[in-house]
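Undergrad: Predicted model, plus sequence, below.
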Amino acid sequence: MYRTKTPTSAKWLTAAATFGLIAVGVAGAQVPAAKAAPAAVAAAKSSDPTVREIEKYREALADGNPADLWEARGEDLWKRKRGPKNASLEKCDLGLGEGVVKGAYAKLPRYFEDTDRVQDLESRLVTCMVMLQGFSYDQAKRAPFGSPENKSDMEALVAYVTANSRGSRMSVSLSHPKEKEAYAIGKKMFFHRGGPHDFSCATCHAQDNIRIRLQDLPNLTKQEPAQRAYTSWPAYRVSQGELRSFQWRLFDCFRQQRFPELDFTSEGSVALTTFLARNANGGIFNAPAIKR
Ligand code: HEC
């Protein structure tokens, strides 16, 4: 299971700054702003890492998007015979019929009759790895996110499938009752406040023009910013040297919110994804992208 590294003191300062600045930007947030403010100033002064990041970003752009490497590895994993059943994923039905990858991601999450569940891309890939390739459920969902030392097969597959929806219009259906239910649960999760800071997703993502340091916080309840955000993941993160999936983004925001870890492919994670994907309907999918 992916875990973030033990926070170094510098990281901890940054986190403190994050919460300090949030208290300035968000009315009513229950944060010890006064305590966090000096850390915010300290973090703002050290601009060197930012400059280095921008340089890396420029270099990466000049060479094209390194996400191509994940896409290529994902395509190979999709087509290669693997697992106890020595089968490829080429018969996997992502919603548009067996083996159809083109445009599939733009319609996910969706209801699948064979599992009688709403599934996002990742939970559907797990189903296919179990049913077609014979992996155990735990094996299939074991390594959702990669690190430079340990690349994730799941993330590569996600890069391959999502790349095949580039240019497709987001079109997530809510016609099945279970799709409606997933959306409603996802919405509830988005506004649910809790944890040591009494934060919800909405604390940071339901107002216009909020920023933490240099990062814009998109208002994910509004169509245009929700479209822009959702259609730009997965993304190659220059600062991390990794491709990051939308599920990673959710996982990391749970961490920022100081919530318990989001269980990969769980019903809750699919519901939250359904809420966010549906809010992006009408947007043109354009990822894997590249981000700082
Ligand atoms: C403490 C503030 C905070 C909370 C609470 C929070 N996020 Fe975030 N979120 C961020 C920050 C900061 C970023 C941008 C990070 C970056 O650019 O590296 C972000 C980015 C995102 C993005 C990507 C936006 C884009 O344009 O690429 C999504 C989607 C997202 N958050 C969803 C959520 C969801 C869902 C929740 C609730 C589970 C949540 N966030 C809770 C701070 C927060």
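TA: It's in.

Undergrad: Where do the helices of this protein begin and end?
TA: Ranges of helices in the chain, per DSSP state H, are 9-25, 33-45, 48-62, 67-79, 121-131, 137-140, 153-163, 177-191, 201-205, 223-230, 246-256, 267-279.

Undergrad: Mean pLDDT lowest where, among these?
TA: Mean pLDDT across the helices of the chain is lowest at helix 9-25; the value there is a mean of 35.

Undergrad: Not counting sequence-adjacent ones, nearest residue to the residue of the chain found nearest the ligand?
TA: Going by CB to the nearest ligand atom, the ligand is nearest to Cys201 of the chain, at 2.7 Å. From N, CA and C alone the C-beta is placed, and that goes for glycine too. Excluding its sequence neighbours, the residue lying closest to Cys201 (CB to CB, 6 or more residues apart in numbering) is Phe190, at 4.5 Å.

Undergrad: In contact with that neighbour, which residues?
TA: By CB atoms under 8 Å, 6 or more residues apart in numbering, the contact list for Phe190 reads 200-202, 205-206, 220-221, 272, 275-276.

Undergrad: who does the closest residue to Leu132 other than its chain neighbours bridge with?
TA: Spatially, and ignoring its direct neighbours in sequence, Leu132 is nearest to Ala87 (5.0 Å; CB to CB, 6+ apart). Note on Ala87: beta-bridge partners by DSSP bridges are Arg82.

Undergrad: hang on, isn't Ala87 packed against Met131?
TA: No. Between Ala87 and Met131 there is no contact, the gap being 9.4 Å when judged by CB atoms under 8 Å.

Undergrad: what residues does the stretch 151-292 of the chain put near the ligand?
TA: Counting by CB under 6 Å from any ligand atom, the residues of the stretch 151-292 of the chain lying close to the ligand are 190, 199, 201, 203-205, 212, 215, 217-218, 220, 229, 232, 249-250, 253-254, 256-257, 272, 276.

Undergrad: Quick check: end-to-end length of stretch 72-86?
TA: For stretch 72-86, the first-to-last residue distance is 20 Å (CA to CA, to the nearest Å).

Undergrad: Outside of that stretch itself, list whatever touches it.
TA: 87-90, 92, 101, 129, 132-135, 151, 153, 156-161, 163.

Undergrad: For PyMOL, write the select line for the buried members of those.
TA: Per 16 or more other CB atoms under 10 Å, the buried members of the contacts of stretch 72-86 correspond to this PyMOL selection:
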select buried, resi 87+88+89+92+101+129+132+133+135+151+153+156+157+158+159+160+161+163
